[in-house]
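**Student:** Would you be able to build a 3D model of this:
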Amino acid sequence: MEAFRKKILRRVNVNGFTWNYSGQLYLQFKVDENGKTTDFRINPTSGNKDFDKRLIEAAKSIKDTWKPSAIHGFAI
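**Tutor:** Numbering: from 1, shown residues only. Modelled structure (predicted):
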């Protein structure tokens, strides 16, 4: 997870933003049966839709494959 966080931070463009947010942002996403990420969202949001969008786009640009959950040996 730490390597994934670092990749996002290297990709997100924060130019033009003044940061007044105090707290943590949580990027949530699903991993499909093929290990691809889908359904990105930030909860709670930063309060700035443009910043949240840039953060999600940065995460989507990472093409890593994840290990999906499995039930009885089958990826779900």
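**Student:** Check residue 27 and give its pLDDT.
**Tutor:** The per-residue pLDDT reported for residue 27 equals 93.
**Student:** who does it bridge with?
**Tutor:** residue 42 (DSSP bridges).
**Student:** Make sure it is actually in contact with residue 58.
**Tutor:** No: judged on C-beta atoms under 8 Å, residue 27 makes no contact with residue 58 at a distance of 9.4 Å. Where C-beta positions appear, they are placed from N, C-alpha and C, glycine not excepted.
**Student:** show me where this structure has helices.
**Tutor:** Under the criterion DSSP state H, helices of the chain are mapped to 2-11, 49-60.
**Student:** and of those helices, who's closest to residue 34?
**Tutor:** helix 49-60 (15.6 Å; C-beta to C-beta).
**Student:** who does the closest one touch, helix- and strand-wise?
**Tutor:** helix 2-11, strand 27-31, strand 37-42 (3 or more C-beta pairs under 8 Å, 6 or more residues apart in numbering; DSSP states H and E).
**Student:** Columns mean neighbour count and distance to residue 73 on top of these, output as TSV?
**Tutor:** Putting these into TSV (neighbours: other C-beta atoms under 10 Å; distance: least, C-beta to C-beta, whole Å) gives the following:
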stretch	mean neighbour count	distance to residue 73
helix 2-11	12	26
strand 27-31	14	17
strand 37-42	13	22
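**Student:** can you redo these as TSV with distance to residue 66?
**Tutor:** As requested, the helices and strands packed on helix 49-60 are exported to TSV (distance: least, C-beta to C-beta, whole Å):
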stretch	distance to residue 66
helix 2-11	9
strand 27-31	4
strand 37-42	7
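**Student:** Would you single out the least confident of these?
**Tutor:** Among those, helix 2-11 scores lowest, at a mean of 89.
**Student:** Also compute the angle for that one relative to strand 27-31, please.
**Tutor:** Helix 2-11 and strand 27-31 are oriented at 120 degrees to each other (axes from the mean of the first three to the mean of the last three C-alpha atoms, to 10 degrees).
**Student:** can you state the direction angle for helix 2-11 and strand 37-42?
**Tutor:** Using the same axes, to 10 degrees: helix 2-11 against strand 37-42 is 70 degrees.
**Student:** Much appreciated, bye for now.
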